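Novice: what follows is a predicted protein model with its sequence.
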Amino acid sequence: MEKEYIKSPMNYIGNKYRVMGQIQKWFPRSIDTMVDLFCGGCDVTINTDAGVHYANDINYHVIDIFREFQKHSADEILAYIDETIERWHLSRTDAEAYRLFRDHYNTGKKPLDLYILMCFSFNYQFRFNENHAYNNPFGKDRSSFTASMRANLLKAWDKLAGVQFTSGPFQCFDFGVLKQGDFLYADPPYLITCGSYNDGKRGFTGWTEKEERELYDILTDLDKAGIRFALSNVLEHNGETNEILLQWYKDHHYHLHQIQVSYQNSNYHAKKSTNVTKEILITNA
């Protein structure tokens, strides 16, 4: 019987929900401690069994939402969402109501308000200006707090309860929490794509060759310490190859698994392009 996966209550760009079955078959069968180093919407975290979960992301606004979820019951969270939507007259069509609520959030910066704001924003994105004011436009006729998002929140709430969340650059994570036999999953921004998560325009630092090499150095050190890892990435995109990734994988004789995924609705995939986007998973065991 095929495993049923839980979808994050956030429609986070680049999430791995649709390919969970493909990537998880290369994860360890038994995990004591797991680290999700670039957790995003936490799809991988909530769908991977482990004794202890750590989930980290540089976007502390998103981490604050998850921490807020942990402070309240699912019923309390949903009641707050429903009351807020009604009070501010938020809908798929009222751009002015969205603008007013966005101004309200940027004044108070309450995590649950940000979650609600994201639900009505264009493509459900978390975008901030250099002052960390949320600046994503309205998702007219498309975005809202849907019945499926409500259901996803209810299903994910239990799984999120025990996760230990951290927020900061991946280089600053305390890898000392991992011991031999533990597991780390990394789904960093992809160097050769131009998704909104690595363009440096969310109020956070973008992704360059420097960060790329630093991540691979960390993974190499973890491998030497007997810690298992899995790395999601894109090896080829629109005729370009990530040569840094290719050389690192070959130098260390890691295992490369191709992931079948459609980018038909993705912002960074050119719809008319005849070139192939080759998404892969690299593991060290």
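Specialist: Yep, that arrived.
Novice: count the residues that sit near Gly176.
Specialist: Residue neighbour count, defined by other CB atoms under 10 Å, stands at 6 for Gly176. No exception for glycine: its C-beta is placed from N, CA and C like everyone else's.
Novice: which residues of the stretch 51-200 of the chain fall in helices?
Specialist: Ranges of helices within the stretch 51-200 of the chain are 60-71, 74-88, 95-108, 111-119, 147-160, based on DSSP state H, counting those that start in this stretch.
Novice: quick one: residues contacting the most centrally placed residue in the chain.
Specialist: When CA atoms, centre = their mean is applied to the chain, the residue found nearest the centroid is Gly40 (2.0 Å). By CB atoms under 8 Å, 6 or more residues apart in numbering, the contact set of Gly40 is 10, 12, 14-15, 57, 62, 187, 197.
Novice: 10 Å instead?
Specialist: For Gly40, the contacting residues are 8, 10, 12-16, 55, 57, 59, 62, 126, 187, 197, by CB atoms under 10 Å, 6 or more residues apart in numbering.
Novice: mind checking the SS state of it?
Specialist: Under DSSP: H, G, I helix; E, B strand; the rest coil, the three-state class of Gly40 is coil.
Novice: scan the protein for its longest strand.
Specialist: Secondary structure of the chain per DSSP state E: the longest strand is strand 228-237.
Novice: I'd like to know which elements it is packed against.
Specialist: The elements that strand 228-237 packs onto, with contact taken as 3 or more CB pairs under 10 Å, 6 or more residues apart in numbering; DSSP states H and E, are helix 20-24, strand 183-186, helix 209-224, strand 240-241, helix 243-252, strand 255-259, strand 278-283.
Novice: hmm, back to that, and the residue nearest to the centre of the chain, how far from Ile65?
Specialist: When distances are taken as CB to CB, to the nearest Å, Gly40 and Ile65 turn out to be 12 Å apart.
Novice: over to Pro189?
Specialist: The span separating Pro189 from Ile65 equals 20 Å under the rule CB to CB.
Novice: how about a markdown table for the contacts of Gly40, with neighbour count added?
Specialist: Putting those into a markdown table (neighbours: other CB atoms under 10 Å) gives the following:
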| residue | neighbour count |
| --- | --- |
| Ser8 | 26 |
| Met10 | 23 |
| Tyr12 | 22 |
| Ile13 | 17 |
| Gly14 | 21 |
| Asn15 | 18 |
| Lys16 | 24 |
| Ala55 | 24 |
| Asp57 | 24 |
| Asn59 | 19 |
| Val62 | 23 |
| Phe126 | 26 |
| Asp187 | 22 |
| Tyr197 | 28 |
